[in-house]
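Colleague: sequence plus predicted model, see below.
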Amino acid sequence: MSSPKVLFGFHAVGVRLKTAPGSIIEIYYDASRRDARMRQFVERAQEAGARLIEADGLRLAKLAGSHGHQGVAARVAPVPQTHSLDDLLDAVQGPPLLLVLDGVTDPHNLGACLRVADGAGAHAVIAPKDHAVGVNATVAKVASGAAETVPYFMVTNLARTLGELKERGIWCVGASDDAPKTIYQIDLKGPVALVLGAEGSGLRQLTRKTCDELASIPMKGAVESLNVSVASGVCLYEALRQRL
């Protein structure tokens, strides 16, 4: 059985309260905070039947591994992923929209990518097991609840998975600053997987070769590239714009 993990921050714990309250073992909260946000949170937790434990800031910081806990942290049981990637794609209504991350190892970047994927309506985020960060407490905090709502699949072989997506008719578009077309010149209305690499190193060679097409994001200033979460937002929201 998987060991409990920690979530912290109002959004991350609040979404777990909403989506899987039975998985919450206990919630620690700073009782010295008497503002409306904390009062509303405590009421929601009580209504959900969660076990509440008063804690000071030091204990919360130790539990969360961060001072950005906002006065709230929870020990939770992992919620098992109920669907495989194939099952999820079989159930998608309309053209799938996927975000594929190749080599994103920073938890803050992954959290921000999950948040923008949720906002743009992406059906899943995919990453390789050996070149990526998993969903930890920091990821969940930065994702502001999206780590609980966006399916995140870590696959053994990313190139093979991209090949399987292509067999399903999903067009794989890789982001590359030297691509001849921009993201705004590509048709993203059909089934598409947007493939982005880590900031700086970009896509690995095999990943790049496996993509159907490459696209760039126009850069008009002095900086050469965008943070991967910002680039994900640009690409995903262009796909959403075209679909609307």
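Modeller: Nice, I can see it.

Colleague: how about the nearest residue to residue 54, chain neighbours excluded?
Modeller: The shortest distance from residue 54 to any non-neighbouring residue, by C-beta to C-beta, 6 or more residues apart in numbering, is to residue 31 (4.2 Å). Every C-beta, even on glycine, is put in place using the N, C-alpha and C of the backbone.

Colleague: wait, isn't that neighbour in contact with residue 52?
Modeller: No - using C-beta atoms under 8 Å, residue 31 is not in contact with residue 52, being 9.2 Å away.

Colleague: need the pLDDT of the residue nearest to the spatial centre of the chain.
Modeller: With distances taken as C-alpha atoms, centre = their mean, the residue of the chain nearest its centroid is residue 114 (2.0 Å). Looking at residue 114, its pLDDT is 94.

Colleague: same question for residue 1.
Modeller: We have a pLDDT of 46 for residue 1.

Colleague: switch to numbering from 869
Modeller: Okay, using 869 as the starting number, the last item reads as residue 869.

Colleague: buried ones in stretch 1082-1099?
Modeller: 1082-1085, 1094, 1096-1099 (16 or more other C-beta atoms under 10 Å).

Colleague: try stretch 1031-1049
Modeller: By neighbour count on 16+ other C-beta under 10 Å, the buried set for stretch 1031-1049 is 1033-1034, 1038-1044, 1047.

Colleague: got the CA positions of it in PDB?
Modeller: In PDB, the C-alpha atoms belonging to stretch 1031-1049 read as follows (Å, rounded to 0.1, in the frame of the first residue of the first chain):
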ATOM      1  CA  GLY A1031       4.200   6.700 -31.800                       C
ATOM      2  CA  GLU A1032       1.100   5.100 -30.200                       C
ATOM      3  CA  LEU A1033      -0.600   8.600 -30.100                       C
ATOM      4  CA  LYS A1034       0.200   9.000 -33.800                       C
ATOM      5  CA  GLU A1035      -1.400   5.600 -34.500                       C
ATOM      6  CA  ARG A1036      -4.600   7.000 -32.900                       C
ATOM      7  CA  GLY A1037      -4.500   9.900 -35.400                       C
ATOM      8  CA  ILE A1038      -3.200  12.400 -32.800                       C
ATOM      9  CA  TRP A1039      -0.900  15.000 -34.500                       C
ATOM     10  CA  CYS A1040       2.200  15.500 -32.400                       C
ATOM     11  CA  VAL A1041       3.500  19.100 -32.600                       C
ATOM     12  CA  GLY A1042       6.900  19.800 -31.000                       C
ATOM     13  CA  ALA A1043       7.900  23.200 -29.800                       C
ATOM     14  CA  SER A1044      11.300  24.300 -31.200                       C
ATOM     15  CA  ASP A1045      12.800  27.800 -31.600                       C
ATOM     16  CA  ASP A1046      14.200  26.900 -35.000                       C
ATOM     17  CA  ALA A1047      11.000  25.600 -36.600                       C
ATOM     18  CA  PRO A1048      10.000  27.100 -39.900                       C
ATOM     19  CA  LYS A1049       6.400  27.600 -38.800                       C
END
